[in-house]
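J.: Okay, predicted coordinates and the sequence, questions at the end:
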Amino acid sequence: MSSGSPLAQAGGVPSDSGLAVCRVIVGIDDSGPGLAALREAVALARRHGARLIAVRSWALGLPRHGGRRHRHLAHPHVVLYFADWEQRVAARVLAKNALEQALGQAAADLDVAIETPDGDPGVVLTDIARRPGDVLVVGRERQVSARAILHGSVTSYCLRHAVCPVIVVPATKAEAARAASTGG
């Protein structure tokens, strides 16, 4: 548990915890841990009647979005023209697909908002999850991946910097195997 976040656990916030949950913020991706976190966030939002904020951030400097995360002053990225609508549309499509997987067709009982801000995922998530009553839900791989070692862990960043409770959800074995087979 980090000093910045009062809660870091798997399995959610118990309904008798005394914690008033108003918004559940979850980072969206199509990885095993991401889908496990989304399912937990949906269950938590339903249990507390809270709003679900599904966040899919993107940035040119991230490997999955066409760049490298580490930046060298001698070789900065040069972008002559960039229409961010393409990244926003792709982020929105990915978020909707992940929500459909987690929710199925039964989403009428949830107040869901999708946000697709530009920025590093950890920073974006901790910036959004700042209101009283916010809970941040993040996924964690069952084993440390090369990607996490090379580029840093969004989960670790959130645990160190969040000012609200953070719930860490490990991927199930099935989700981890599916993500490994699809490269997610």
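T.: Cool, the structure landed. Numbers count the residues shown, from 1 in each chain.

J.: Export the lengthiest strand in the chain to PDB, keeping only CA atoms.
T.: Identified as the longest strand of the chain according to DSSP state E is strand 134-140. The C-alpha trace of strand 134-140 is given here as PDB (Å, rounded to 0.1, in the frame of the first residue of the first chain):
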ATOM      1  CA  ASP A 134     -13.300   8.500  -6.200                       C
ATOM      2  CA  VAL A 135     -11.900   5.000  -6.400                       C
ATOM      3  CA  LEU A 136      -9.300   4.100  -9.000                       C
ATOM      4  CA  VAL A 137      -9.200   0.500 -10.400                       C
ATOM      5  CA  VAL A 138      -6.100  -0.800 -12.200                       C
ATOM      6  CA  GLY A 139      -5.000  -4.200 -13.500                       C
ATOM      7  CA  ARG A 140      -1.800  -6.000 -12.800                       C
END
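
J.: so what secondary structure elements neighbour it?
T.: Applying 3 or more Cβ pairs under 8 Å, 6 or more residues apart in numbering; DSSP states H and E, one finds that strand 134-140 contacts strand 23-27, helix 32-48, helix 121-128, helix 154-161, strand 166-170. C-beta coordinates here come from the backbone N, C-alpha and C atoms, glycine included.

J.: Partner strands of the last one, with direction?
T.: Spelled out, it's strand 166-170. Sheet pairing for strand 166-170, assigned by DSSP bridges, gives strand 8-9 (parallel), strand 134-140 (parallel).

J.: what residues does the longest strand of the chain touch?
T.: Among residues not part of strand 134-140, those counted as contacts by Cβ atoms under 8 Å, 6 or more residues apart in numbering are 5, 7, 13, 19, 21-27, 31-38, 40-41, 44, 50, 125-126, 129, 153-155, 158, 162, 164-171.

J.: swap the cut-off to 6 Å and go again
T.: 21, 23-27, 33-34, 36-37, 40-41, 129, 155, 158, 162, 164-170 (Cβ atoms under 6 Å, 6 or more residues apart in numbering).

J.: what about this structure, any weak spots by pLDDT?
T.: Per-residue confidence of the chain (counting by pLDDT under 70) places the weak regions at 1-18, 60-84, 104-108, 142-152, 173-184.

J.: before we move on, back to that, most neighbours per residue, which of the helices and strands packed on strand 134-140?
T.: strand 23-27 (a mean of 28; mean count of other Cβ atoms under 10 Å).

J.: In this protein, which helix is the longest?
T.: helix 85-103 (DSSP state H).

J.: name the helices or strands packed onto that helix?
T.: Applying 3 or more Cβ pairs under 6 Å, 6 or more residues apart in numbering; DSSP states H and E, we find helix 85-103 packed against helix 32-48.

J.: Next one: S156 from G49, what distance?
T.: S156 sits 30 Å away from G49, going by Cβ to Cβ, to the nearest Å.

J.: ugh, wrong one, I meant R39
T.: 18 Å.

J.: likewise Q101?
T.: Applying Cβ to Cβ to Q101 and G49 gives a distance of 23 Å.
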